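Visitor: Next input, structure requested:
(chains A and B)
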Protein chains: 2
Amino acid sequence: MNGEITPEDVQRSEAVYEPLTRSLRELIDVTIRSRVSETDARKAHALIEEACELLGSRLDPDPFGVRFTTEGQALNWGNVAIGMRNAIAPPLQVVRDEAGGRASVDLVLGAAYEGPPGQVHGGVCALVLDHLLGATAHRRNEPAFTGTLTLRYVAPTPLGSLRAESWVERDDGGKTFAAGHLLDAQGRITVQAEGIFIRPKRPA
Amino acid sequence: MNGEITPEDVQRSEAVYEPLTRSLRELIDVTIRSRVSETDARKAHALIEEACELLGSRLDPDPFGVRFTTEGQALNWGNVAIGMRNAIAPPLQVVRDEAGGRASVDLVLGAAYEGPPGQVHGGVCALVLDHLLGATAHRRNEPAFTGTLTLRYVAPTPLGSLRAESWVERDDGGKTFAAGHLLDAQGRITVQAEGIFIRPKRPA
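Guide: Modelled structure (predicted):
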């Protein structure tokens, strides 16, 4: 399928799966917070099973991976942080300033990302920061892998509107030393992060 | 609702929401991997919207938090790592050996947890390890919060069957110094972790 996906295929697929996955994110949320009767919950379960059967009737055996269009655009639709077709992903819409080696993202995390009551799970903060710091190290067709990641949780991260920012501290050939933080809705730092990201050497 | 949930309420709720959420996890997976026609995908979307409306017709305005039964059992059903009603959660079924200060979990992560092609996202590894190291620091009615977490990614983590293990290195009053790792299906270490977890002092 790689290299055979046209920009028109992308548009058609986005028109179907972007709103479908958005509804699925809402379904994850209401499944946690619902107070309906057992009868209505069982009806909802039957609808979910019906949707599963429909979508599952023709399946790719593999995870989505990264696919490329005829124009060379990378599609990360299955990615757990940014994937358009992955309902676990908020999805992060990373804004990159390649010249300045900076990246940022505004996001809203609801009930589905909870750890301590009313707060974002520390591991979800880690997921957001891992992805965002990694984004500063990413080069076209040279994906960066996390080498080390250190997180300091300086204050609770409340559920709701958040912002994360990252930047390159130092770039050393195949290694990028990046830093960043997560901010609450009042702009206070809740988590600080440092990471080393590695771009594997290609076979010569 | 706290303190009013009986063990029978728990059983009834689990009988409905455990299988519903399991189907929802499958729906997340097939939404990523489906290759059905646009017509079938739109039909599935309509079913998802119908399920949303049903479950959303009576909603708790708050995230789930932690609720307690009349017997004092804590219910973390909304938790993003372990929540029975949270379809993002694999869910982790942590086995704790309180005497030895150890915890472990066997888990299977599919297409919905992908980062690099075929591999678990580094941030998901962080989520699993954050939760598991934190579990060694948890005391009854004294939740532990992550202070710092350091992760070393020593090898790619393939999607599929995995195991995570954690243990207490040192306990210093309200602080637990924990360590752990993630293992692939062959028992090879893919990620190493160290963390400091803090149990906040209660007001006297």
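
Visitor: Now do the buried residues in the helix of greatest length in chain A.
Guide: As assigned by DSSP state H, the longest helix anywhere in chain A is helix A:7-33. Of the residues in helix A:7-33, A:10, A:13, A:16-17, A:20-21, A:23-33 count as buried by neighbour count, 16 or more other Cβ atoms under 10 Å in any protein chain shown. C-beta: built from backbone N, CA, C; applies to glycine.

Visitor: tell me the angle the following helix or strand past that helix makes with helix B:7-33.
Guide: Downstream of helix A:7-33, the first helix or strand assigned by DSSP states H and E is helix A:38-56. Here helix A:38-56 runs at an angle of 20 degrees relative to helix B:7-33 (axes from the mean of the first three to the mean of the last three Cα atoms, to 10 degrees).

Visitor: list the helices and strands helix A:38-56 packs on?
Guide: Counting contacts by 3 or more Cβ pairs under 8 Å, 6 or more residues apart in numbering or on different chains; DSSP states H and E, helix A:38-56 packs against helix B:7-33, helix B:38-56.

Visitor: repeat that for 10 Å
Guide: helix A:7-33, helix B:7-33, helix B:38-56 (3 or more Cβ pairs under 10 Å, 6 or more residues apart in numbering or on different chains; DSSP states H and E).

Visitor: So what are the sheet partners of the following helix or strand past that helix and their directions?
Guide: Using DSSP H and E, the helix or strand that follows helix A:38-56 in sequence is strand A:67-68. Applying DSSP bridges to the sheet, strand A:67-68 is found paired with strand A:74-75 (antiparallel).

Visitor: follow-up on the earlier one: what about the helices and strands packed on helix A:38-56, which gets the closest to B:Ala89?
Guide: helix B:7-33 (8.5 Å; Cβ to Cβ).

Visitor: Run through the residues that contact A:Asp184.
Guide: Shown in contact with A:Asp184 (Cβ atoms under 10 Å, 6 or more residues apart in numbering or on different chains): A:120, A:155-158, A:160-163, A:190-191.

Visitor: now, which of those sits nearest chain B?
Guide: Among the contacts of A:Asp184, A:Pro156 lies closest to chain B (Cβ to the nearest Cβ), at 7.4 Å.

Visitor: how about the nearest residue to A:Arg67, chain neighbours excluded?
Guide: Closest residue to A:Arg67 apart from its sequence neighbours, by Cβ to Cβ, 6 or more residues apart in numbering or on different chains: A:Leu75 at 4.7 Å.

Visitor: what about that neighbour, neighbour count?
Guide: 21 (other Cβ atoms under 10 Å in any protein chain shown).

Visitor: Give me the helices and strands touching the top strand by length along chain A, please.
Guide: In chain A, taking DSSP state E as the definition, the longest strand is strand A:160-172. Counting contacts by 3+ Cβ pairs under 10 Å, 6+ apart, strand A:160-172 is packed against strand A:95-97, strand A:102-109, helix A:122-137, strand A:175-183, strand A:189-198.

Visitor: tell me the contacts of A:Gly174?
Guide: Contacts of A:Gly174 (Cβ under 10 Å, 6+ apart): A:137, A:139, A:142, A:144, A:197-201.

Visitor: Can you classify the residue nearest the centre of chain A by secondary structure?
Guide: What sits nearest the mean C-alpha location of chain A, by Cα atoms, centre = their mean, is A:Ala81, with 1.3 Å. With DSSP: H, G, I helix; E, B strand; the rest coil as the basis, the three-state label of A:Ala81 is coil.

Visitor: Which residue of chain A lies farthest from its centroid?
Guide: A:Thr39 (34.3 Å).

Visitor: Report the contact partners of that one.
Guide: Counted by Cβ under 10 Å, 6+ apart, A:Thr39 has contacts B:16, B:54.

Visitor: now it: how far from A:Ser13?
Guide: 36 Å (Cβ to Cβ, to the nearest Å).

Visitor: just A:Leu129 next, same as before
Guide: 30 Å.

Visitor: Same check on A:Glu142?
Guide: 26 Å.

Visitor: Then A:Gly65?
Guide: Note on A:Gly65: its distance to A:Ser13, by Cβ to Cβ, is 15 Å.

Visitor: Then A:Thr150?
Guide: 38 Å.

Visitor: residue ranges with poor pLDDT in chain A?
Guide: Judged by pLDDT under 70, chain A has its weakly predicted residues at A:1-3, A:202-204.

Visitor: domain assignment for it?
Guide: As assigned by automatic domain parsing, chain A contains the domains A:1-91, A:94-198.

Visitor: Tabulate those (TSV), appending distance to B:Glu98.
Guide: Shown next, in TSV, are those (distance: least, Cβ to Cβ, whole Å):
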stretch	distance to B:Glu98
domain A:1-91	28
domain A:94-198	20
